[in-house]
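S.K.: I need the structure of the sequence given here:
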Amino acid sequence: MPRRTKIVATIGPASSSPEVLERMILAGMDVARLNFSHGSEQDHRERVETIRSIAKKLGRTVGILGDLQGPKIRVGKFRDSKILLKAGDTFILDADCSLGDQERVGLDYKELPQDVSSGDALLLDDGKIELRVEKVVGNQVHTTVIQGGPLSNNKGINRRGGGLTAPALTEKDMEDIKLAARLKVDYLAVSFPRSGADVQWARDLMVKAGGHAHIQSKIERAEAIDALEDIIAASDSIMVARGDLAVEVGDAAVPALQKRMIRIARQMNKTVITATQMMESMISSPVPTRAEVSDVANAVLDGSDAVMLSAESAAGQYPVEAIAAMARVCTEAEKQGVQPFSDVESLDRIDRVEKAVARAVIHTTRHLDVKAIVALTQSGTTALLMSRADTNVPIYAMTPVEETQRRVTLFRGVYPVDFQHTTLGPAEIMALAEAKLLELGAVQAGDLILLTIGEPIGSPGGTNTMKIIRIGDLH
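M.R.: Got it, this is the predicted structure:
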């Protein structure tokens, strides 16, 4: 049984060489994440070309996720690069300051003074430092340090409970969407969306730029929790981005929110990635902590389509080992199944033919000893619908469309197969699909498989047929 939960790995200085990328793919990387917060257009272009070239050489398919920086609200730079704040100190966040010192620092987000008021808690550097707002005077936010620590250049600012009004897309993001379209990324991650309208804005810009990427929303603002269903409905995929989210809503609230987000996403037939600090210790250690192993396993058991590595693979000392460790944990956790989704909640409302076929396939796998599901598909939609149930039966998305092959790399339990069948008749297509499964070692003579297809073949429209086939009966 192949691993069902997919692995997303961020590409960075530690993982840009062809040699390391090849080892990462062999270790189990399914989707490569490009962080548009760092690197030039040329850097990203070279990485995409290298990944796709190596994947082709290895006979693998690897998806590409382009991740927008978003309106990361940060302090400016310090004259001496770093200061030390102590509890009880007074400190000013000054939109007009150029170089900071022990008393004040500038802001890259000039509207911060308009967004806060007396009594607000501001959290800097992922919550390591806490400031209480005492008063706002013009473009200055006067604060008292509640929790101190070192503060260096360009550290992030969050307001406890959310409420900062920076738009979801910056000018840089809009340019990066055009870049993502040129690179033909498979997924575009939108940072800090607060509503479905923010997601649609990114989608419209992607379409205008000529791209076909699926839009993924990173849930990392307190406001996003209040608009969760609206955001998920407007998205193709979501990311449980636990870093900024934990700072805004409190770290203790995140585990339950993670489960809720995954459940809703699956109910709405969307894919979901769980991310942030999953194997953080492996930045400098060749093995994960037991707590990290449990974290990854629980994300799998919650029903995540994918788990993600950030700095571990982008800048860590052990990018290949981190992927291998994550793959081992996923494989072991999957043996337990994902019970909350065994009733196929997402397919309860059958309002499309593809849903009816997907529901029939899932029902049949509950009663027959099916070894594989084959989805002959153009868009991957039926494969996605079937993947919402944890059937333990691998789903092979056989498609001639290269974009679809790459897109399904994020779908839990779905595996892309290049299948150029457009000129064949029904009997030839089914025989070829059977031959592909035998070639992959997925089945043997006498095994039952389920095959979904749109008939008549070659006509526009989605999947409308399910066939039960015993391997060998077609010959």
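S.K.: From here on, just use CA atoms for contacts and neighbour counts.
M.R.: Fine.
S.K.: Okay, now the unreliable bits of this protein?
M.R.: For the chain, the stretches with pLDDT under 70 are 337-348, 422, 457-461, 474-475.
S.K.: longest helix of it?
M.R.: In the chain, with assignment by DSSP state H, the single longest helix is helix 41-58.
S.K.: Output the contacting helices and strands for that helix.
M.R.: helix 18-27, helix 171-183 (3 or more C-alpha pairs under 8 Å, 6 or more residues apart in numbering; DSSP states H and E).
S.K.: ok, and what's touching the shortest one?
M.R.: I take that to be helix 18-27. S15, T50, I51, I54, A55, V62, P319, V320, E321, I323, A324, A327 (C-alpha atoms under 8 Å, 6 or more residues apart in numbering).
S.K.: ranking these by neighbours, who comes first?
M.R.: Counting neighbours by other C-alpha atoms under 10 Å, the top entry in these is P319, with 30 neighbours.
S.K.: gap between the nearest residue to it once chain neighbours are set aside and S387?
M.R.: Nearest residue to P319, sequence neighbours excluded (C-alpha to C-alpha, 6 or more residues apart in numbering): S313, at 4.1 Å. Separation of S313 from S387 (C-alpha to C-alpha, to the nearest Å): 27 Å.
S.K.: Same question for R242.
M.R.: For R242, the distance to S387 - C-alpha to C-alpha - is 24 Å.
S.K.: Of these two, give the one with the bigger neighbour count.
M.R.: More crowded of R242 and S387, by other C-alpha under 10 Å: S387, with 26 against 23.
S.K.: can you pull the contacts of the more buried one?
M.R.: I395, F411, R412, G413, V414.
S.K.: before we move on, what about P150?
M.R.: K82, I83, L84, L85.
S.K.: Let's see that with 6 Å instead.
M.R.: I83, L84 (C-alpha atoms under 6 Å, 6 or more residues apart in numbering).
S.K.: Buried residues of the helix or strand it falls within, list them for me.
M.R.: P150 is located in strand 149-152, with elements delineated by DSSP states H and E. By neighbour count on 16 or more other C-alpha atoms under 10 Å, the buried set for strand 149-152 is G149, L151, S152.
S.K.: A252 and I54, how far apart?
M.R.: Counting by C-alpha to C-alpha, the gap from A252 to I54 is 41 Å.
S.K.: what do you get for P255?
M.R.: Distance from P255 to I54, by C-alpha to C-alpha: 37 Å.
S.K.: Same question for E19.
M.R.: Applying C-alpha to C-alpha to E19 and I54 gives a distance of 9 Å.
S.K.: Then S37?
M.R.: Taking C-alpha to C-alpha, one finds S37 at 25 Å from I54.
S.K.: Let me see the ranges of the strands in the stretch 1-150 of the chain.
M.R.: 6-11, 31-35, 63-67, 77-78, 82-85, 90-94, 99-100, 104-105, 121-124, 129-137, 140-147, 149-152 (DSSP state E, counting those that start in this stretch).
S.K.: For the ones you listed, give me JSON lines that also has distance to H212.
M.R.: Shown next, in JSON lines, are the strands of the stretch 1-150 of the chain (distance: least, C-alpha to C-alpha, whole Å):
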{"stretch": "strand 6-11", "distance to H212": "20"}
{"stretch": "strand 31-35", "distance to H212": "17"}
{"stretch": "strand 63-67", "distance to H212": "12"}
{"stretch": "strand 77-78", "distance to H212": "38"}
{"stretch": "strand 82-85", "distance to H212": "43"}
{"stretch": "strand 90-94", "distance to H212": "41"}
{"stretch": "strand 99-100", "distance to H212": "42"}
{"stretch": "strand 104-105", "distance to H212": "41"}
{"stretch": "strand 121-124", "distance to H212": "36"}
{"stretch": "strand 129-137", "distance to H212": "41"}
{"stretch": "strand 140-147", "distance to H212": "43"}
{"stretch": "strand 149-152", "distance to H212": "39"}
